[in-house]
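A.B. asks: sharing a model that was predicted from the sequence below.
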Amino acid sequence: MDTTHPKDLAAVLARFVSVWSSSATADHAAPALTCMELDALLELFVTVGALDAAAEWMDAHTVNEPECEGHFVPGTPPNRPTMPL
Ligand SMILES: [Zn+2]
């Protein structure tokens, strides 16, 4: 059941991006995320045009994730290993 009004959804997304695009938040939380969790967040940021936030989270995630070889970015070839941000 979808009860979210489109205007409410836009406001919710704007608030989410505003809060979660903080570099301090990215530095604190991104290293703790799995690659799949980060991909879901990156997809949201890229979809709403928050490319700087996506880059911040990607950088913060890979600093302490030596096993991570990169993340898929929607709209890019599937095997592209890094974000073009
Ligand atoms: Zn990763």
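C.D. replies: Good, I have the coordinates.
A.B. asks: what's in contact with the lengthiest helix in the chain?
C.D. replies: For the chain, the longest helix by residue count, based on DSSP state H, is helix 6-20. Residues from elsewhere that reach helix 6-20, judged by CB atoms under 8 Å, 6 or more residues apart in numbering: 4, 25-26, 41, 44-45, 48, 50, 53. Where C-beta positions appear, they are placed from N, C-alpha and C, glycine not excepted.
A.B. asks: which among those residues end up buried?
C.D. replies: Buried subset of those (neighbour count, 16 or more other CB atoms under 10 Å): 26, 41, 44-45, 50, 53.
A.B. asks: as TSV, those with pLDDT and distance to the ion would be great.
C.D. replies: What follows is these, written out as TSV (pLDDT from 0 to 100; distance: CB to the ion, whole Å):
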residue	pLDDT	distance to the ion
Ala26	93	13
Leu41	92	11
Leu44	90	16
Phe45	91	15
Ala50	90	18
Ala53	91	16
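A.B. asks: and those, which two are furthest apart?
C.D. replies: Ala26 and Leu44 (13.4 Å; CB to CB).
A.B. asks: dump the residue contacts of Cys68.
C.D. replies: With the criterion set at CB under 8 Å, 6+ apart, Cys68 makes contact with 35, 61-62.
A.B. asks: check contacts around Thr25.
C.D. replies: With CB under 8 Å, 6+ apart, Thr25 has these contacts: Val19.
A.B. asks: that one and the ion, how far apart?
C.D. replies: Distance of Thr25 to the ion, computed by CB to the ion, to the nearest Å: 17 Å.
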